[in-house]
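K.L.:
Next one to model:
(chains A and B)
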Number of protein chains: 2
Amino acid sequence: MTRISLGLIGLGTVGQGLVKLISSRRDSIRVQFGVDIQVKALCDLRPVPALLKAVPAARFTKDFKSILSDPGIDVVVELIGGLHPAFEIIRGALSSGKNVVTANKAVISHHGKELFALAQKTSKSVYFESAVLAGVPIIKTLVEGVAGNRYNAIYGIVNGTCNYILSEMQTSKMSFEDAVRLAQKKGYAESDPTLDISGGDSAHKLAILVSLAMGKTLKVKDIHAEGITQISQEDLVYAEEMGLSVKLLGIAKKKGDGVEARVHPTLISRRHPLAAVNGVYNAVLMEADALGDVLLVGQGAGEMAAASGVLSDVINLGVATRQGGATWIGNDPREIEKLRLLPMSDIQTEFYIRLMVVDRPGVLSKITGILGKKGVSIASVSQKAVSKNAAVPLVMLTHTAKESSIRAALAEIRRMRDVKAPPVTIRVEEL
Amino acid sequence: MTRISLGLIGLGTVGQGLVKLISSRRDSIRVQFGVDIQVKALCDLRPVPALLKAVPAARFTKDFKSILSDPGIDVVVELIGGLHPAFEIIRGALSSGKNVVTANKAVISHHGKELFALAQKTSKSVYFESAVLAGVPIIKTLVEGVAGNRYNAIYGIVNGTCNYILSEMQTSKMSFEDAVRLAQKKGYAESDPTLDISGGDSAHKLAILVSLAMGKTLKVKDIHAEGITQISQEDLVYAEEMGLSVKLLGIAKKKGDGVEARVHPTLISRRHPLAAVNGVYNAVLMEADALGDVLLVGQGAGEMAAASGVLSDVINLGVATRQGGATWIGNDPREIEKLRLLPMSDIQTEFYIRLMVVDRPGVLSKITGILGKKGVSIASVSQKAVSKNAAVPLVMLTHTAKESSIRAALAEIRRMRDVKAPPVTIRVEEL
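P.N.:
Down below sits the predicted model:
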C-alpha cells in the first residue's frame, strides 16, 4: 500500500468535486490500486465547511506556503487556475520535493517546459490530465497510449463553451447571441465569455497538445486563433446544404519540417464522427502514423469531469510511486523532429466564401477572375437568391488555396462596387 | 537508458509489422522514452528472410522453448494467436522471469486471471493492449486513463469485419452476402468468417473489457452472443426511416448487484457518435460514473494498427522497468462489487420487430393483444405495404420489455396462421 498525503490548494468546484470523490472512494481505491489517498491540508482564501467535514483529518490554511513547507505532504494538487500564484505554487512544490497534480492549462502551456525540467531535476512529476479535455484522458493517450507513433496531425474540439454554442446554433437554429445567453444560463459560459469564444482558451490547449504530440514548444501567442463570433445562422444553413458542419477546431499539422498550429471555425463533413460531437462534449482526433486515426471524445468541462481527471492523476502517481516513482514520462517531451512553426500566410486549405453581391451580369465573372488571377480555383458556386436591386448571397467553395492568395483576392474583391459587405470566410478541412 | 531484449514468437503480419516499426524507430524511441529495444530472437515454424535482414543481430529459431530458456531475453512478445501453445508460451515466459506482451484475445479472455496471478507472483507483467481494438489504447484507458471511476456500462463496436459488412450494407445498399464477399476481397474477412460474423470474436473482447472495467471475470461461453447473419437489407431500410442505425455491439451494463453481458446487432440513434463509426473502425463507449461518457474510436484491425499497440506496450513496459518495474496495475483487476452475471431472459430492452403478415382485418389487433398480454407495450407500428394476398411487413418498436416476455409473445405470434415467416427482432439501445 502506498500512502499519498495530499495538500489541496484551491477549493472551487473542481476542488470540491475532488474531495467528494476521494472521501467516497478512498476504500475502493485502496483495494483496487493499492493507493491510500489521505487529504492532509486544504487551502484557499476562505474555508469551505462542508469539505472540512468530508475530510475531518485535514487542516485548513489560507497560506499555501505552509503546504509547500509541510514535510508530511507529498503531493500538492493545484486547482486555483490562472498563472499566478499557481506557477509559483507548482515550482515551489517541486523544489520542496513534492509531486504535483494540476488542471491548469495556463501554467502548463506557458511554463510547462520549465516546470518539467524542474521535475526531472528533483525526480518528481507534474501530472496535468485535466488541463485539456477535463478528465478525458487525452494526455495519457498521447504520451503513453499511442507511444511509438508519430502524429501527423491533431484536430481538437477543445472548448466546451464554443461547441455548445455552435451545436445550439446548428440544431436549434438559434442566433449566436441567443446561444451565448443560453450557454451562460446553463453555466457553460462565463459572464464574460471572451477567452472561450475568441479561441484563446483553445490556443492554450492546442499548445499543450502540440508539445506532447510533436515535441514542439509553441508560445500561445504565436498560435493563430480566431473565435466563433463571426459565425452567422445564414452560413450554417448554407454549410448544411453542402453536407458540412462547423466546429471550432484547434489544428496542428506537420508539413515537411514545419508544423501548422491554428484555431479557427472549420467546416467538416457531417458524416465524420467529429461532426457528431455536440454540446459540451469535446474531442481530439489524432492522426498517428502507424496506428491511423484515433478519436477520443468526452465531456471537456464540468466539476466532476475535471475532478475525475485529477483523481486519476493522483491514483496513477500513487501507483508509479509504489513502483519506484521516477519522473513521469509525460514530463520529458523530446523534440525529435525540430519542427518550425509555419507562418499562417503559407497555410493551404479549402475555403467557404460568402459574398453579398449585386445580382448584375458580369459580377460573377469578375469575382472568379480575381480569384483565378491569385491562383484560387473554385470548386462550386451558388447564388442563393435573385434580386435586381438588393445584394444577394454568393456562396463559393474553393479548392485548396494558399491563405495569402485568398486574402489578397478577397481584398481586391472587397473593393468592387458590386460587393456590398465584407466577405465571410470559413476554412474547410477534409478529415 | 533501459535495454529491452526481445524475443518475438509469431512472424505473421503483426509480427512483421512490429519488426518494421522497431527497426525504423529504434533511435527515436531511445531518445524519446529512454528505452532501447533490441530484437534478440525471432521464432516461427519457418523463417522470414526479410525480417532477419531488418534485425540482423537477431537469431532465428523454430523452438519457442529456446526463447523461454534464453537468459538474454527479458521480454517475450507472443503473436501466434489461438489458445495453444500461446498459453503455454506466456505461462512459461512469466515462470522464467520474463515480461510478456501479447495481442492474444483468446488467451487473455480464457486464461487472463491465471496468467495475471502468475505475473504478480513473479513480479512480472503481461501487457495486452492489442487484444482489443488493435493498438487503439482502450485497455490503458480503462485501467489507467479513467482510474478512480466506476463504469456503469460499456458499449463496444469491437469487430472490424462485422462493422465493415454492416456499414457497406447501410451505405452501399448491399446484401449481406455481397458485403461478406467484398470484405473477403479487401482482406477484412477470413475465408471462413464464422468467428467474426457469429459474434464469437466480440464476446472474447467483451469478456476482457468487463474484467478490466467491472472486475468481473466471465466465461466467454456465458456471454450471450448473436451475430449479424440475420440482418437483411429490408430491416436496415426500415431502421433508417426511424432514424436508427444497426451496429454489432458488445454490451455490458450494471444493474444493481448484477451485470448484463451480451453481443448482438443493436439499433442506435443515427445521431449518436457511435453510429458514425463505420467501415473497419472500432469503438468503445464507456459510461464512467464521475467522468461521464467517454468514447474511443480507431482502427481495430490491420497489421500496423495491431503492431502499433504491441510497440506501445513494449515501450511502456520499458519505461516501467526503468522506473522500478513491479507488476503492471492492469494485471491486478479487483472485484470490488461482486457482480453476478444476469441471465439473458431478465434483460430489458426496447425491440424492433418485423413480422410478415397477411393484410387482413383483426390481425394487428390479435398481434398487439398477444404482446400486451405478455406485458410488452408498443411504441410505434407501421405496415410497409398493402396486399390482399401476399404477406406484408409489419414493423413495430416496443417500449422497454423483458427478453423473456418478448420471446414468449413472439412464440405465440409465430403460431398464428396469418404470420408467414419467423419474426425478425433487433434490440434497440438508447445511448
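K.L.:
What residues sit buried inside stretch A:322-342?
P.N.:
If you call a residue buried by 16 or more other Cβ atoms under 10 Å in any protein chain shown, then stretch A:322-342 has these buried ones: A:322-323, A:325-333, A:336, A:339, A:341-342. (C-beta placed from N, C-alpha, C; glycine too.)
K.L.:
Farthest pair within those?
P.N.:
Pairwise distances across these peak at 43.7 Å for A:R322 and A:L342 (criterion: Cβ to Cβ).
K.L.:
Among the buried residues of stretch A:322-342, show me the least confident.
P.N.:
Within those, A:G325 has the lowest pLDDT, namely 76.
K.L.:
ok, it touching B:G324?
P.N.:
Yes - between A:G325 and B:G324 a contact is recorded at 6.9 Å, counting by Cβ atoms under 8 Å.
K.L.:
How about the contacts made by A:V428?
P.N.:
A:244, A:266-268, A:349-352, A:397 (Cβ atoms under 8 Å, 6 or more residues apart in numbering or on different chains).
K.L.:
Let's see that with 7 Å instead.
P.N.:
If a contact means Cβ atoms under 7 Å, 6 or more residues apart in numbering or on different chains, then A:V428 has A:244, A:267, A:349-352, A:397 as its contacts.
K.L.:
In the stretch 201-350 of chain A, what residue lies closest to chain B?
P.N.:
Proximity of the stretch 201-350 of chain A to chain B (Cβ to the nearest Cβ) peaks at A:G324, 1.9 Å away.
K.L.:
Quick check: the gap between that residue and A:G145.
P.N.:
Separation of A:G324 from A:G145 (Cβ to Cβ, to the nearest Å) stands at 21 Å.
K.L.:
Just give the nearest non-adjacent residue to the residue of the stretch 201-350 of chain A closest to chain B, would you?
P.N.:
Distances taken as Cβ to Cβ, 6 or more residues apart in numbering or on different chains put B:G324 closest to A:G324, at 1.9 Å, once the chain neighbours are dropped.
K.L.:
quick revisit: for the contacts of A:V428, which one is nearest B:E240?
P.N.:
Distance to B:E240 across those (Cβ to Cβ) is lowest for A:L244, with 21.4 Å.
K.L.:
so the closest residue to that closest one other than its chain neighbours bridges to which residues?
P.N.:
Sequence neighbours aside, A:L267 is the residue nearest to A:L244 in space, at 4.2 Å (criterion: Cβ to Cβ, 6+ apart). Bridge pairing for A:L267 (DSSP bridges) gives the partners A:V246, A:V428.
K.L.:
can you pull the contacts of A:L267?
P.N.:
A:239, A:244, A:246, A:352, A:426, A:428.
K.L.:
residue contacts, the second one?
P.N.:
When the contact criterion is Cβ under 7 Å, 6+ apart, the partners of A:L244 are A:267-270, A:428.
K.L.:
any residue of stretch A:149-166 up close to chain B?
P.N.:
Yes - against chain B, stretch A:149-166 shows contacts by Cβ under 7 Å from any Cβ of the partner chain at A:N149.
K.L.:
Just the CA trace of that stretch, in CSV.
P.N.:
Extracted in CSV, the C-alpha atoms of stretch A:149-166 (Å, rounded to 0.1, in the frame of the first residue of the first chain):
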residue,chain,number,x,y,z
ASN,A,149,3.8,6.6,-33.1
ARG,A,150,4.4,10.0,-34.7
TYR,A,151,1.5,12.2,-35.0
ASN,A,152,1.0,13.8,-38.4
ALA,A,153,-1.9,15.9,-37.3
ILE,A,154,-4.2,16.7,-34.4
TYR,A,155,-7.7,18.1,-34.6
GLY,A,156,-9.3,19.1,-31.4
ILE,A,157,-12.7,20.4,-30.3
VAL,A,158,-11.2,21.5,-27.0
ASN,A,159,-13.6,24.3,-25.9
GLY,A,160,-16.9,23.1,-24.5
THR,A,161,-18.4,26.6,-24.5
CYS,A,162,-17.9,27.1,-28.2
ASN,A,163,-19.0,23.6,-29.1
TYR,A,164,-22.2,24.1,-27.1
ILE,A,165,-22.9,27.5,-28.8
LEU,A,166,-22.2,26.1,-32.3
